[in-house]
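Asks: structural data only, the sequence is not supplied:
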Ligand SMILES: NC(=O)c1ccc[n+]([C@@H]2O[C@H](COP(=O)([O-])OP(=O)(O)OC[C@H]3O[C@@H](n4cnc5c(N)ncnc54)[C@H](OP(=O)(O)O)[C@@H]3O)[C@@H](O)[C@H]2O)c1
């Protein structure tokens, strides 16, 4: 592994290239592409993420259709909306913005989205295909992390990777993709015994705990790569899990927050809308044959 000083992995720059590419493809398509976003409640971070996705859609020429539902909405009402959108030929991509308010069954609701319109790639069909190594739609944050790692030119084969997060959205699918690339992956969480020893020996640390300053320089091995997925407000500023000042002294590569994983996640979300559109078109062509 490379030695210090740390190289900054600039997610904004890569995201720009992806969105330009999507824009070119969208402008070459005659149909208009529509992306439905379902927001339940009024979570501040969710509102920010949705605005970012809407802005990116505007930039590339994809129409957005925001459905705002009350915090105490009945599960049946959300499912009925999803079914309507599944059957709407003019809607090509659907997401339910996460997290959902606590009493709602996230898996049950996400499972209702048509796999061909599943922009977040979180339906059982798409997660199942990812597990089998036949990924059709990869969750955008996972694609973002993999792309950032590719930008370091590191050969992932045999590398010791620690992911601190075991959620369906991040840790689980990311561990499957990195395992497919022959990395040795440890999925860590609040019940992990001696997290410090896992982190200390890792070549690559990917953290998404949502705790500011969670990862500090003294915890990591010199020359490791640190990817910070965390994204929250702390003392009035947007920050991630990583204590950037101390960690960047020791890593070979590091992502900033903001400007690392976040913009790439948005870009890959919009690319997934285009992917859904293409999948639906190719299916229509196959059934017409
Ligand atoms: N940049 C982006 O594009 C992007 C996209 C999505 C999410 N995020 C951010 O990523 C963070 C996590 O999101 P999420 O939805 O996955 O949250 P989540 O479901 O709450 O998951 C957090 C994970 O971190 C683990 N964890 C928390 N504190 C820990 C500790 N002290 N030691 C070890 N493990 C710990 C949890 O372990 P347990 O399972 O044991 O509870 C859990 O697996 C948030 O800051 C979110 O805003 C960013």
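Replies: That came in fine, so what should we check first? Quantities reported herein were computed from a predicted structural model and do not represent experimental measurements. Residues are numbered from 1 along each chain as shown.
Asks: can you name the next helix or strand after whatever helix or strand residue 53 lives in?
Replies: Under the criterion of DSSP states H and E, residue 53 resides in helix 44-60. Note on helix 44-60: by DSSP H and E, the next helix or strand toward the C-terminus is strand 63-69.
Asks: from the chain's centre, how far out does that next one sit?
Replies: Remark: strand 63-69 is offset 20 Å from the chain centroid, using CA atoms, centre = their mean, to the nearest Å.
Asks: and it with helix 44-60, angle?
Replies: Orientation of strand 63-69 against helix 44-60 (axes from the mean of the first three to the mean of the last three CA atoms, to 10 degrees) gives an angle of 160 degrees.
Asks: buried residues in the very next helix or strand once past strand 63-69?
Replies: For strand 63-69, the succeeding helix or strand toward the C-terminus, using DSSP H and E, is helix 75-87. Using 16 or more other CB atoms under 10 Å as the test for burial, helix 75-87 gives 78, 81, 82, 85, 86. Where C-beta positions appear, they are placed from N, C-alpha and C, glycine not excepted.
Asks: for those residues, which one is nearest the ligand?
Replies: Closest approach between those and the ligand, by CB to the nearest ligand atom: residue 78, at 18.7 Å.
Asks: tell me the contacts of the closest one?
Replies: Residue 78 makes contact with 38, 40, 69, 96, 104, 109, according to CB atoms under 8 Å, 6 or more residues apart in numbering.
Asks: if we can go back for a sec, so for the helix holding residue 53, what gets flagged as buried?
Replies: Those buried within helix 44-60 under the rule 16+ other CB under 10 Å are 46, 49, 50, 52, 53, 54, 56, 57, 60.
Asks: ok, those vs the ligand, which is closest?
Replies: Closest to the ligand, out of all of the buried residues of helix 44-60 and judged by CB to the nearest ligand atom, is residue 49, at 7.6 Å.
Asks: count the neighbours of the residue nearest to the closest one when sequence neighbours are not counted for me.
Replies: Counting by CB to CB, 6 or more residues apart in numbering, residue 49 lies nearest to residue 97, which is 6.8 Å off, once chain neighbours are set aside. By other CB atoms under 10 Å, the residues close to residue 97 number 20.
Asks: ok, now residue 271?
Replies: Neighbourhood size, residue 271 [other CB under 10 Å]: 23.
Asks: for it, which non-adjacent residue is spatially closest?
Replies: In this structure, residue 271 finds its nearest non-sequential neighbour in residue 22, 5.4 Å apart by CB to CB, 6+ apart.
Asks: swap in residue 21?
Replies: Per CB to CB, 6+ apart, closest to residue 21 is residue 271, 8.0 Å.
Asks: same check on residue 219?
Replies: Nearest residue to residue 219 in three dimensions, chain neighbours excluded: residue 199, at 5.1 Å (CB to CB, 6+ apart).
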